[in-house]
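> got a sequence here, can you build the structure:
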Amino acid sequence: MKSPCVVKIWALIDSGCFGDWVYDALPVEHVKRVLLNRVRVGYTERMKTYFNNIVRRLDNIAAYSVYGEVSMVRGLMIEVEGTHSNISVGERCEIFTRDDAVILAEVIGFRRDTAITMAYGEVAGIKPGARVRILKTDAQIFPTLDWLGRTIDAFATPLDGFGPLPQGDEAYPVKASPLPAHERNRIGKRINLGVKGLNVFTTCCMGQRMGIFSGSGVGKSTLLSMIARFTSADVIVIGLIGERGREVQDFIIDDLGVEGLKRAVVVVATSDDPALTRREAAYTTLAVAEYFRDQGKNVLCLMDSVTRFAMAQREIGLSVGEPPASKGYTPTVFAELPRLLERAGPGRGEGGSITGLFTVLVEGDDLNEPISDAVRGILDGHIVLSRDIAHRNRYPAIDVLGSISRMMPNCNSDSQNQLIDRARSLLSTYRDMEELIRIGAYRQGTSESVDAAIYFNPALENFFRQLKTETFNLEQSFQILAESLEMSEAPPTQSESASVAG
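Okay, the predicted model is just below:
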């Protein structure tokens with residue numbers, strides 16, 4: 001069913017005072033002229049932002065609306081009939097409840113002539129025959145530089161109480177395709193992450209994509225907060241996907257801090273949000289990062305976590321009838337992961353880059369579980385956090401021998417690579433003999449390499465320890481490691497040890 005578009009606008013009249021301007025059944029162009037005149041007569045900046053946002057939304061209103069009706073609600077699925085060929089997968093629609101409230105939904109599939117949709121919110125209040133209006137515009141956002149310092153939800157709606165969100169001139173699709181490979185620039189220079197263990201052993205470059213893999217409670221969110229506060233990137237875009245609600249404010253206020261928030265945009269979808277909203281928040285995070293990349297900024301995109309994005313996609317796939325594959329994950333999960341992660345990376349031409357750090361919640365501490373294995377194959381390196389190391393109270397609990405950056409060794413100098421190789425060799429030797437050393441079965445002097453590994457192990461353990469409030473740049477990180485390995489006294493020889501024992 002098609003009907004003329006009806007425009008209704010509710011605008012705030014002044015800060016703290018509310019009133020309604022309702023334009024019903026008026027031509028869109030007339031409404032735009034009235035609003036633009038209101039802007040020119042001299043309202044506050046906050047009011048001007050409201051009016052400009054309304055005008056921009058009016059530009060996206062179609063000449064007519066297509067309606068259908070709800071035929072069935074089954075769990076999270078809502079079946080819509082009467083739309084015929086006027087709707088396609090991925091399009092959004094509005095469902096009107098019995099109280100005339102509006103619930104936003106998305107088309108996720110079809111069954112013959114029936115469209116299968118899933119709501120972005122609760123389905124309470126939807127009844128059989130409820131009207132459904134098809135939104136013909138694609139999901140898009142209009143970012144600006146004024147978004148820095150703001151916290152938004154999956155639909156770019158402000159959550160921080162700091163007034164309306166200014167809208168830019170250019171639309172960025174939420175579900176954009178990655179840049180073509182042949183148009184991308186090459187990986188840029190090294191980027192400081194502020195954590196000495198990462199700066200040295202998993203050196204990251206601008207435009208690189210890394211994964212942080214760990215089980216629950218091992219410290220990946222804390223490590224992410226350290227990187228967000230101390231990185232040398234121009235802009236930070238943070239996606240908190242499926243996080244606990246109580247942790248959001250803690251992360252923004254305590255971990256990110258006032259100074260960190262000034263150059264950051266935070267996108268939030270908590271664990272109690274519907275699956276579609278959690279998935280949408282991940283897409284919105286990348287869309288915001290793409291805007292700042294196109295402004296020539298070197299962007300650090302932090303997402304916590306990709307696993308919850310995959311879980312949301314699995315929930316959507318199972319609802320539409322997809323067969324479960326590996327550990328219940330549907331085929332679309334493994335198709336969507338590269339589409340999401342490949343959006344990070346170098347830009348093109350004179351544009352900036354998106355350096356991506358994506359956390360992966362490892363199920364059962366099994367690094368070979370399906371999501372971990374798939375993400376590891378897509379990204380340009382991985383950082384593993386070990387529960388055993390965390391139990392020793394050494395934080396960040398980085399497992400150096402299990403972590404790798406695919407930009408190394410080319411991004412470091414020869415002397416730095418020699419230093420890294422020496423440290424890795426000592427760590428590897430100590431790990432191989434660790435059990436014998438702990439039970440006292442190893443006798444000093446049996447192997448020079450083992451003796452050296454035992455001697456330097458306390459210095460290496462101390463190198464990896466870092467307080468949450470500490471920061472180290474690249475040069476400082478390599479200097480501290482060099483001092484730990486080269487400026488210490490030489491380990492005692494076997495004869496010296498024997499004389500001491502005697």
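> need the phi and psi values for the nearest residue to residue 321 once chain neighbours are set aside.
The shortest distance from residue 321 to any non-neighbouring residue, by CB to CB, 6 or more residues apart in numbering, is to residue 109 (7.4 Å). Placement of C-beta: from N, CA and C, glycine included. With angles defined as degrees, to the nearest 10, residue 109 sits at phi 170, psi -180.
> residue 109 touches residue 89, doesn't it?
Yes. Using CB atoms under 8 Å, residue 109 makes contact with residue 89 at a distance of 6.4 Å.
> those two: which is more packed in?
Each of residue 109 and residue 89 has its neighbours counted (other CB atoms under 10 Å); residue 109 has more, 17 against 12.
> what ranges do the helices span in the stretch 251-400 of the chain?
257-262, 275-294, 306-319, 331-341, 370-378, 387-391 (DSSP state H, counting those that start in this stretch).
> if you average pLDDT over each of the ones you listed, which is lowest?
Looking at the helices of the stretch 251-400 of the chain, the lowest mean pLDDT belongs to helix 257-262 (a mean of 85).
> which helices and strands sit right next to it?
On a contact count with 3 or more CB pairs under 8 Å, 6 or more residues apart in numbering; DSSP states H and E, helix 257-262 meets helix 220-230.
> please state the offset of the helix it packs on from the chain centre?
Centroid separation for helix 220-230 versus its chain: 13 Å, with CA atoms, centre = their mean, to the nearest Å.
> stretch 341-357 too?
Distance, stretch centre to chain centre, for stretch 341-357: 14 Å (CA atoms, centre = their mean).
> over to stretch 336-356?
13 Å.
> quick one: buried residues of it?
336-337, 340-347, 351-356 (16 or more other CB atoms under 10 Å).
> which of the helices of the stretch 251-400 of the chain sits most buried?
Most buried of the helices of the stretch 251-400 of the chain by mean neighbour count (mean count of other CB atoms under 10 Å) is helix 275-294; its value is a mean of 26.
> with just CA atoms, put that helix into CSV.
Below are the C-alpha coordinates for helix 275-294, written out as CSV (Å, rounded to 0.1, in the frame of the first residue of the first chain):
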residue,chain,number,x,y,z
ALA,A,275,21.6,-8.9,18.5
LEU,A,276,20.9,-6.5,15.6
THR,A,277,21.9,-3.5,17.7
ARG,A,278,25.2,-5.2,18.8
ARG,A,279,26.0,-6.0,15.2
GLU,A,280,25.1,-2.5,14.0
ALA,A,281,27.4,-0.9,16.6
ALA,A,282,30.3,-2.8,15.1
TYR,A,283,29.5,-1.5,11.6
THR,A,284,29.0,2.1,13.0
THR,A,285,32.4,2.0,14.7
LEU,A,286,34.1,1.3,11.3
ALA,A,287,32.0,3.9,9.5
VAL,A,288,33.1,6.6,12.0
ALA,A,289,36.7,5.5,11.6
GLU,A,290,36.4,5.7,7.8
TYR,A,291,35.3,9.3,8.1
PHE,A,292,38.3,10.4,10.1
ARG,A,293,40.6,8.3,7.8
ASP,A,294,39.2,10.3,4.8
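> report the angle between it and helix 306-319.
130 degrees (axes from the mean of the first three to the mean of the last three CA atoms, to 10 degrees).
> just how off-centre is helix 275-294 within its chain?
8 Å.
> the lengthiest helix in the chain packs against which elements?
Criterion DSSP state H: the longest helix present in the chain is helix 414-438. If contacts are counted by 3+ CB pairs under 8 Å, 6+ apart, helix 414-438 sits against helix 196-201, helix 448-464, helix 474-486.
> mind checking those for the one nearest to residue 415?
Relative to residue 415, the nearest member of the helices and strands packed on helix 414-438 by CB to CB is helix 474-486, separated by 8.7 Å.
> show me what counts as buried in the closest one.
Within helix 474-486, the residues that count as buried by 16+ other CB under 10 Å are 474, 477, 478, 480, 481, 482, 484, 485.
> check contacts around the fifth one.
For residue 481, the set of contacting residues under the criterion of CB atoms under 8 Å, 6 or more residues apart in numbering consists of 196, 200, 419, 423, 463.
> tally of neighbours for the third one?
For residue 419, the count of nearby residues is 20 (other CB under 10 Å).
> and for the fourth one?
Applying the criterion other CB under 10 Å, we find 21 residues in the vicinity of residue 423.
> cool, and residue 144?
Counted with other CB under 10 Å, residues neighbouring residue 144 total 14.
> now do the contacts for it.
166, 167, 168.
> what about the residues you listed, which one has the most neighbours?
That'd be residue 167 among the contacts of residue 144, by other CB under 10 Å, with 20 neighbours.
> next, find the distance separating that one from residue 174.
Separation of residue 167 from residue 174 (CB to CB, to the nearest Å) stands at 15 Å.
> can you check residue 217 too?
Distance from residue 217 to residue 174, by CB to CB: 32 Å.
> these two: which is more packed in?
residue 174 (21 against 9).
> quick check: closest non-adjacent residue to that one.
Nearest residue to residue 174, sequence neighbours excluded (CB to CB, 6+ apart): residue 139, at 4.2 Å.
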